[in-house]
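K.L.:
got a predicted structure plus its sequence, pasted below:
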Amino acid sequence: MNIKPLGDRVVIKPAPAEERTKGGIILPDTAKEKPVIGEVVAVGPGKITDEGKKIALEVKVGDKVLYGKYSGTEVTVDGDEVLIMREADIFAIV
């Protein structure tokens, strides 16, 4: 993937949406919920404070993360759907 986020932004590849329920019912595309877990594929250099110091990001490439359902901006890069969001929108590393 050929993308480099700026500042405290990260690029996340969302996990695929569930195709079936736990009971085995196949879900149509309109009923699938947006995934809230994904893999970090690129990270920015970090946030710059008002004093000019750089604060490194806590997440790194390859981390599986939990993020808000409607967080980030969806974009297509090299044919892949990815999300670009700030590190603050990430809740946890799984």
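P.N.:
Right, received. Where do you want to start? The structure displayed is predicted, hence computed values, not measured ones.

K.L.:
which residue is the nearest non-sequential neighbour of residue 56?
P.N.:
What sits nearest to residue 56 in space, not counting adjacent residues and going by C-beta to C-beta, 6 or more residues apart in numbering, is residue 46, at 4.7 Å. C-beta: built from backbone N, CA, C; applies to glycine.

K.L.:
quick check: that neighbour touching residue 53?
P.N.:
No: proximity of residue 46 to residue 53 does not meet the contact threshold set by C-beta atoms under 8 Å, at 9.5 Å.

K.L.:
more crowded one of those two?
P.N.:
residue 46 (15 against 9; other C-beta atoms under 10 Å).

K.L.:
any idea how far residue 83 is from the residue most central in space within the chain?
P.N.:
The centroid of the chain falls nearest to residue 12 when counting by C-alpha atoms, centre = their mean (3.0 Å). Applying C-beta to C-beta, to the nearest Å, the value for residue 12 to residue 83 is 5 Å.

K.L.:
please enumerate the shared neighbours of the two.
P.N.:
Common contact partners of residue 12 and residue 83 (C-beta atoms under 8 Å, 6 or more residues apart in numbering): 38, 67, 72.

K.L.:
doesn't residue 86 make contact with the second one?
P.N.:
No: counting by C-beta under 8 Å, residue 67 stays clear of residue 86, with 10.2 Å between them.

K.L.:
residues near residue 84, how many?
P.N.:
18.

K.L.:
now the host helix or strand of it, how far from the chain's geometric center?
P.N.:
In the assignment (DSSP states H and E), residue 84 maps to strand 80-86. With C-alpha atoms, centre = their mean, to the nearest Å as the basis, strand 80-86 stands 5 Å off its chain's centre.

K.L.:
can you tell me the average pLDDT over that strand?
P.N.:
The average pLDDT within strand 80-86 is 93.

K.L.:
using CSV, list the CA coordinates for the helix or strand following it.
P.N.:
Next along the chain after strand 80-86, taking DSSP H and E as the criterion, comes strand 90-93. Only the C-alpha atoms of strand 90-93 are listed here, as CSV (Å, rounded to 0.1, in the frame of the first residue of the first chain):
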residue,chain,number,x,y,z
ILE,A,90,-8.8,4.3,18.4
PHE,A,91,-10.1,2.8,21.7
ALA,A,92,-7.8,-0.1,22.3
ILE,A,93,-5.2,-2.5,20.8
